[in-house]
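Novice: following is a predicted model, sequence given first.
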Amino acid sequence: ALLWCVLVAAWEAAWGQLRYSIPEEMPKGSFVGDVAKDLALELPALRARGARVFDTGRTQYFVFGLQNGHLSMKDRVDREEICAAVAKCVLNFEILVKNPMNLYRGEVEILDINDNSPTFPERNSVLEISEYTAPGTRFPLEKAQDPDIGVNSLQNYECSESSYFSLDVKNGDDGVKYPELILVKSLDREQQAAHNLILTATDRGTPVKSGSTTIEIIVLDGNDNAPEFTQPVYKVTVREDVAVGSRLLQVSATDRDEGPNAEVKYSFFKIPEKFDKTFKLDPESGEIEITQKINFEEQEFYELDVQARDTGGLSCHSKVLITVADVNNHVPEIVIMSVFSPVPEDTPLGTVIAIFSVQDRDSGANGQVRCSIAERLPFRLEKTFEDYYRVVTARELDREAVSEYNVTVRASDGGSPSLWSSAVLSLRVLDVNDNAPVFAEARYSARVPENNAAGALVLRVRAVDADWGQNARVRYRLWEGRVRGAPLSSYVSVQAETGALYALRSFDYEEVREVGLWVRAEDGGAPALSSNVSVRLVIVDENDNAPQVLYPPSASGAGWAGVELAPRSAEPGALPAGSLTRWLVLAVAAVSCLFLAFLLLLLALRLRRWRRSQLLAAGGAAALRGVPASHFVGIDGVRAFLHSYSHEASLTADSRKSQLRFSGGSCCDTLPARPPAESSGDFVPA
């Protein structure tokens with residue numbers, strides 16, 4: 001039952017990564033872990049956020065159940081098939097949720113079970129040994145294969161009993177055990193021409209499993225010296241971009257015999273088929289060359305067994321270790337996992353917009369990838385897990401400024417020269433109703449002639465909303481008011497879509513000379529935003545009223561308005577109300593006479609003054625001139641002006657007084673004061 005249940009299901013909070021363990025060969029639908037519980041997420045929330053296992057293009061081994069929040073096996077998994085000889089077999093998975101977007105990464109370790117027995121490439125093998133071979137000589141045997149790991153892998157070799165041979169198990173540099181057959185005592189072909197041994201390989205699993213092969217040893221006659229390699233191990237390092245046909249190295253062996261027994265042929269000894277297709281060994285020269293492209297990411301290390309065999313059947317073995325050096329020949333790959341688009345322009349800072357992963361199949365610095373985006377963009381990159389990134393908002397978005405972003409993600413490795421690749425994230429900014437309509441003018445006015453036709457177009461108002469779609473759709477309406485006690489809507493109306501203002505009635509200048517109103521523009525957002533503008537309608541007067549006779553009033557009840565009836569006894573030329581007319585004429589004549597008399601009097605006074613001035617000038621009064629001029633300042637409204645006055649005195653023949661009174665000297669711009677009485681004196685002309 002242990003093989004059908006989870007051995008370990010643990011969640012590590014660090015970095016938000018889930019870790020589970022499960023044995024291989026579990027049937028389809030087997031429980032792996034309770035993701036909902038380990039992430040502390042409610043099942044309804046997981047369903048609402050569309051949680052799913054993200055498909056990265058690799059083989060998917062797990063499924064996520066939205067009903068129970070469990071991670072289950074999608075199919076049976078064979079550890080040896082997917083991980084081969086890797087010590088720790090780990091399968092990664094990603095749980096992607098939305099609203100808000102987040103990525104939870106996890107790994108499932110596939111535990112090995114002892115489901116494979118050690119096996120030999122061949123059930124029967126033949127080994128030829130000369131009867132002259134010295135005791136102590138070692139003969140490498142074909143090793144067994146066990147794809148399991150740990151205690152479930154190959155642990156030991158055993159050989160059937162023989163008085164001529166013993167078995168020695170050696171550990172190679174790669175940790176693999178190699179069986180070698182050791183000749184204990186000399187062979188004698190005449191006594192026994194062949195020997196049969198059974199080689200058994202075992203593991204330490206539960207239960208223990210094993211595999212066997214039969215070794216037939218044929219004793220050869222003569223040829224007492226076997227070839228010997230110059231080195232027990234040949235090592236070479238080759239770049240993975242080495243050209244096909246290139247020579248890697250040359251192995252060499254010598255034989256102390258003479259003649260045909262000293263002729264040595266080289267060959268690979270029991271190497272895997274894929275290695276045999278990759279390398280070629282020249283049997284005559286011992287040169288090893290590459291026959292097909294090698295890839296560091298597929299195979300980092302090759303171990304080849306080389307055999308040198310003379311014509312007498314004796315052979316020796318050596319190892320060739322080929323290390324593949326990584327070359328920066330793989331461009332980083334960007335896998336876009338999820339993109340949140342369109343993005344509302346009021347998205348909070350730090351919101352996850354996209355999640356992607358990068359991978360580079362090179363190793364070391366060649367496989368270390370750095371990602372970047374342009375700094376001018378309102379986004380930034382955050383590294384979540386190894387080779388996983390997310391794009392988050394770094395600054396506020398404004399659709400009215402930029403409605404769409406093409407974010408180029410650049411991934412470059414650490415090789416020399418560096419290789420890079422890029423991917424473009426197309427992000428559309430979703431409009432939010434954050435702009436109110438704006439009128440084209442601060443205020444509107446129009447002149448409307450009176451007696452206009454009902455329904456006449458007065459003017460158009462226009463408002464523009466910087467938003468988009470429904471948020472930018474503007475509708476107009478009147479702000480209700482009253483005109484002369486009547487609702488404003490009974491005078492004018494506005495067309496909701498176009499903003500056209502119409503007169504609903506004919507205006508009369510004599511009644512209404514000006515109409516003031518407010519028009520509101522409102523967008524279609526939720527909630528709606530609006531703005532107002534004032535409109536002033538000036539009514540223009542027209543000559544639409546005839547003069548009206550105020551007096552005499554029309555007869556009460558007369559059939560014709562504006563017609564005055566005369567009595568039948570009136571003589572021709574007589575006017576109605578003639579007595580009143582005569583009094584009016586007399587009054588006008590009297591006023592005219594008084595006005596004429598006033599004018600005549602005024603004219604006489606002017607003439608008299610002019611005549612007097614002429615007489616004074618003719619009387620020789622020039623001697624009295626030279627009286628200091630007086631200067632007066634006059635104030636005319638707000639303006640000041642300066643006048644100079646000259647005082648002259650003269651005596652004429654008709655003067656009745658013999659004394660003249662002169663004022664004393666005064667300063668400029670002052671009025672002279674009256675002098676005292678005793679300062680007066682008689683003036684006697686010379």
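Specialist: Structure's in. What do you need? Everything numeric here is computed off the predicted structure, so don't read it as measured data.
Novice: output the lowest mean pLDDT helix or strand found in this structure.
Specialist: Of all helical and strand segments in the chain, the minimum by mean pLDDT, DSSP states H and E falls on strand 8-12, at a mean of 39.
Novice: after that one, next one along is what?
Specialist: Using DSSP states H and E, the helix or strand that directly follows strand 8-12 along the chain is strand 17-23.
Novice: list the contacts for residue 511?
Specialist: Shown in contact with residue 511 (Cβ atoms under 8 Å, 6 or more residues apart in numbering): residue 484. C-betas here are computed from N, CA, C, even on glycine.
Novice: list the contacts of stretch 170-185.
Specialist: 127, 129, 133-141, 143, 154-157, 159, 162-169, 197, 199, 215, 301, 303, 321.
Novice: in it, which residues are buried?
Specialist: 177, 178, 179, 181, 183 (16 or more other Cβ atoms under 10 Å).
Novice: before we move on, what about stretch 47-56?
Specialist: Within stretch 47-56, the residues that count as buried by 16+ other Cβ under 10 Å are 49, 51, 52, 53, 54.
Novice: then it to PDB, C-alphas only?
Specialist: Taking Å, rounded to 0.1, in the frame of the first residue of the first chain, the C-alpha atoms of stretch 47-56 are listed here in PDB:
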ATOM      1  CA  ARG A  47     -12.500  28.500  -8.800                       C
ATOM      2  CA  ALA A  48     -13.300  32.200  -9.200                       C
ATOM      3  CA  ARG A  49      -9.700  33.000 -10.100                       C
ATOM      4  CA  GLY A  50      -9.500  30.200 -12.700                       C
ATOM      5  CA  ALA A  51      -6.600  28.300 -11.000                       C
ATOM      6  CA  ARG A  52      -4.900  25.900 -13.400                       C
ATOM      7  CA  VAL A  53      -1.700  24.100 -14.000                       C
ATOM      8  CA  PHE A  54       0.200  26.200 -16.600                       C
ATOM      9  CA  ASP A  55       1.200  24.400 -19.800                       C
ATOM     10  CA  THR A  56       4.800  25.400 -20.600                       C
END
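Novice: run the chain-centre distance for that stretch.
Specialist: Remark: stretch 47-56 is offset 23 Å from the chain centroid, using Cα atoms, centre = their mean, to the nearest Å.
Novice: repeat for stretch 435-446
Specialist: Here the centre of stretch 435-446 is set off from its chain's centre by 33 Å, with Cα atoms, centre = their mean.
Novice: in which helix or strand does the residue lying closest to residue 20 once chain neighbours are set aside reside?
Specialist: Distance criterion Cβ to Cβ, 6 or more residues apart in numbering; nearest residue to residue 20, sequence neighbours excluded, is residue 33 at 4.2 Å. Residue 33 is part of strand 31-34, with elements assigned from DSSP H and E.
Novice: could you break this structure into its assigned domains?
Specialist: Here the domain parsing of the chain from automatic domain parsing is 2-111, 124-325, 333-430, 438-540.
Novice: need those domains in TSV (columns: distance to residue 616).
Specialist: Shown next, in TSV, are the domains of the chain (distance: least, Cβ to Cβ, whole Å):
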stretch	distance to residue 616
domain 2-111	114
domain 124-325	137
domain 333-430	93
domain 438-540	64
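Novice: going by mean pLDDT, which of those comes out lowest?
Specialist: The weakest mean pLDDT among these belongs to domain 2-111, with a mean of 79.
Novice: with only the CA atoms kept, save the helix or strand where residue 71 lies in CSV.
Specialist: Using DSSP H and E, residue 71 maps to strand 70-73. Coordinates of each C-alpha in strand 70-73 appear next as CSV, following Å, rounded to 0.1, in the frame of the first residue of the first chain:
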residue,chain,number,x,y,z
HIS,A,70,-5.9,18.6,-5.0
LEU,A,71,-2.9,18.0,-7.3
SER,A,72,-3.1,14.6,-8.9
MET,A,73,-1.2,12.5,-11.4
